[in-house]
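Chemist: okay, here's the prediction I keep looking at, along with the sequence it came from:
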Amino acid sequence: MKIRYAVTLLLWVMFVPAFITGAVAGPNDEPAAPAITTNLATYPSNQVPRYARFEATLLLNAAYSNPFDPQVVSIEGHFISPGGQELVQPGFFYQDYQLSRLNGAESYHPVGEPTWKVRFTPREPGVYRYFIRVRDQNGVVDTGVETFEVISSANPGFIRISPRNKRYFEFENRRPFLGFGLNVAWWYSEGSRLATYEYFFNRMQEHGANLARVWMTNSGRNQDWILSIQDQTLGNDYNLEEAWAFDRILELAEQKGVYLLLTLDDVNQFTYNWSNNLYNSSLGGPCAYRSELFTDLEARQYQQRVLRYIIARWGYSPNILSWELFNEIDELQWSDTEHWDRGAMIDWHAQMARYIQTVDAHRHLVNTSTGSFKTHPDLYGLPEMGLAEMHFYYVANCCDYAPSDPAGRDMADLTRYYAHLVYNSVTDKPSLIGEWGLLDEYWNPSPFLQADDQGVHLHNGLWSSLMSGMAATGLHWSWQYHQLHDTAWWRHYRALRNFFEGVYLPDLTVMKPLNVTFSFPNGADNRPPAFASTNNALRLMGLRSGDRVYAWVQNTGNTWWNYTHGIPPIPQSGLITVYGFRAGKRYSVEWWDTYATASQILARQEVTALGDGSIQLTVNQLETDRAFKVSLLLPERNRVPLILK
């Protein structure tokens, strides 16, 4: 399809002299000359807040056969910071739409003609200089240099790996980022694109959740997976309507304080959907077999083209935590055993991540994810990968290659097991569980998801994942059931978020858990004991930073399996011991309710560490679970009042 974009002669005469450096001839002689408008007027006094979006809209007097191919036409914004750093952000082809809603169904209607945009987020206060560069088959032309002023804001900035504790994230302003969230991978139907995310992001804000894993591909399995901008000509006509819808979804995330782990491609495109995949040579694509995706140069060109568009359009946003290159890429080996080349797959990830870093002015993290309940240290450990991410599930009657059933009937223990695997697959970056939940023996949603109306498995998995050193809660997969069980499931996020508010992340390490069932792979856990208990039915898990301890004690009978089968937990009592303190020092202990969403502190007490550096605490008639915080008791003159948020 030949897309023609032209401005009127009046606009051409009005704008070109003000913005173009040098003479510009017709489109057959030199590149198209842009006329620029910006969004500065949307900010008070035309001053852009730090980490807010600066957007330039361009009018090009040219016709291009493929405006999505940077070899045909390339738009770049060049931004010079107040400190003198030049950042280059690609531009993108854009169509505006108007949203209509009728009887709850959404429809989208194009507004005006297509334009070009450059989006950029300033990270320094002060005056920025910028110009736009247009490159096509006729050459290169730059606009004149313009300026805009950036003022301070409360926005904490982009998320990075914390230099103070590489197991966790922090914002550019050094404020810690600990993720509380779930998958909201796609919308329910084409008629509820925005409505789906309006519900979930509103609930997330209300209940303290701040991280959503969102997909950008369509599996082709009769599912309305969120955004499929990859077109039916493999690179000539991206879906600008769905891209516009995702603009609104990302803006909503920014408004609600939700950050996205953005999954860019899915292995199902190359397994179940291979017969309809445009990369398949039988459909005219470049790949004779699935795994050739990793080695074919033409395929890589198409992949880089769509990555460039995604980053150009949404790379401005600090609310994108990471670009996740693939969902469960390791699963491809089972569909292409004849050609599978693990080394080529790993090299592809390194090269794609390096390409992203060349076009992403804001240097978001890059990662990938794996399934099969297995970790892949050689993949996660690539220097280009910003984090380690694996997936696991309870699957009825599964699995011969990994613990699931009956082990997963105790979700706290199963989560602890897989969290330990992924945590120890890397040593110098965050790790997380990107998917988990309950499935039946056919890998479909389990009927127990409906039966667990109080979210016992959700509660235990969320607490266990954070207490096992994950940089975010495990991201639960079955988001529809959060809506079904609203508000019983959502409350678990708020209770957990409240407990971890203000937790000191630097130097935070995982304590050796007590009364867990599964032995660790490759031998025992040789760490010194962190806990002891007079009752083996009291499980203890926790995190430590020096004299600070954040711990969780669970009645091991309080499981989703028992709840859904009508087996009430037997209340448990005992004396628990926590090791690793300074002998003779006084410590403050706060006991927390893990289900309430307000007034969660149940009791405070002061204890003295014994000669072996341990403290002892009493648990009475515990039916479910409790959490506690231990901190060194300061002298009276140094104490500050506790302020709950």
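Modeler: Perfect, I can see it now. Numbers count the residues shown, from 1 in each chain.

Chemist: ranges for the helices of the stretch 151-300 of the chain?
Modeler: 193-207, 240-256, 297-314 (DSSP state H, counting those that start in this stretch).

Chemist: biggest strand in the chain, by residue count?
Modeler: As assigned by DSSP state E, the longest strand anywhere in the chain is strand 105-120.

Chemist: still on that earlier bit, as TSV, the helices of the stretch 151-300 of the chain with mean neighbour count and distance to Val118 would be great.
Modeler: Glycine gets a C-beta too; all of them are placed from N, C-alpha and C. Output for the helices of the stretch 151-300 of the chain, formatted as TSV (neighbours: other C-beta atoms under 10 Å; distance: least, C-beta to C-beta, whole Å):
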stretch	mean neighbour count	distance to Val118
helix 193-207	20	25
helix 240-256	19	14
helix 297-314	20	8
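
Chemist: and of those helices, who's closest to Ile570?
Modeler: Closest approach to Ile570 among these (C-beta to C-beta): helix 193-207, 30.4 Å.

Chemist: and that closest one, C-alpha only, in CSV?
Modeler: C-alpha atoms of helix 193-207 as CSV (Å, rounded to 0.1, in the frame of the first residue of the first chain):
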residue,chain,number,x,y,z
ARG,A,193,-9.7,-2.7,25.1
LEU,A,194,-9.6,0.3,27.4
ALA,A,195,-12.4,-0.8,29.7
THR,A,196,-10.4,-3.9,30.7
TYR,A,197,-7.4,-1.8,31.7
GLU,A,198,-9.5,0.9,33.3
TYR,A,199,-10.9,-1.7,35.7
PHE,A,200,-7.5,-3.4,36.5
PHE,A,201,-5.4,-0.2,36.8
ASN,A,202,-8.1,1.4,39.0
ARG,A,203,-8.2,-1.6,41.3
MET,A,204,-4.4,-1.8,41.4
GLN,A,205,-4.1,1.9,42.5
GLU,A,206,-6.8,1.3,45.1
HIS,A,207,-5.1,-1.7,46.6
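
Chemist: who's in contact with the residue nearest to Arg167 when sequence neighbours are not counted?
Modeler: Leaving aside its sequence neighbours, Arg167 sits nearest to Pro430 (C-beta to C-beta, 6 or more residues apart in numbering; 5.7 Å). The contact partners of Pro430, by C-beta atoms under 8 Å, 6 or more residues apart in numbering, come to 161, 166-169, 386-388, 470-471.

Chemist: with Ala344 instead?
Modeler: Neighbours of Ala344 in contact, by C-beta under 8 Å, 6+ apart: 291, 294-295.

Chemist: returning to what we had before: Serialize the helices of the stretch 151-300 of the chain to TSV and add fields for mean pLDDT and distance to Ser275.
Modeler: Formatted as TSV, those follow (pLDDT from 0 to 100; distance: least, C-beta to C-beta, whole Å):
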stretch	mean pLDDT	distance to Ser275
helix 193-207	96	27
helix 240-256	94	23
helix 297-314	94	17
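
Chemist: take those helices and write them to JSON lines, including distance to Asp525.
Modeler: What follows is those, written out as JSON lines (distance: least, C-beta to C-beta, whole Å):
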{"stretch": "helix 193-207", "distance to Asp525": "34"}
{"stretch": "helix 240-256", "distance to Asp525": "38"}
{"stretch": "helix 297-314", "distance to Asp525": "41"}
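
Chemist: nearest to Asn268, of these?
Modeler: Closest among the helices of the stretch 151-300 of the chain, using C-beta to C-beta: helix 297-314, at 16.6 Å.

Chemist: tell me the first helix or strand C-terminal of the closest one.
Modeler: strand 320-324 (DSSP states H and E).

Chemist: tell me the strands beside that following strand, with direction?
Modeler: strand 259-263 (parallel), strand 365-367 (parallel) (DSSP bridges).

Chemist: how about it: buried residues?
Modeler: For strand 320-324, the neighbour count (16 or more other C-beta atoms under 10 Å) marks 320-324 as buried.

Chemist: would JSON lines of those with pLDDT be doable?
Modeler: Shown next, in JSON lines, are these (pLDDT from 0 to 100):
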{"residue": "Ile320", "pLDDT": "98"}
{"residue": "Leu321", "pLDDT": "98"}
{"residue": "Ser322", "pLDDT": "98"}
{"residue": "Trp323", "pLDDT": "98"}
{"residue": "Glu324", "pLDDT": "97"}
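
Chemist: where in the chain is pLDDT low?
Modeler: Low-confidence segments of the chain, defined by pLDDT under 70: 1-34, 218-232, 518-523, 636-645.

Chemist: center of it, which residue is that?
Modeler: What sits nearest the mean C-alpha location of the chain, by C-alpha atoms, centre = their mean, is Leu261, with 1.8 Å.
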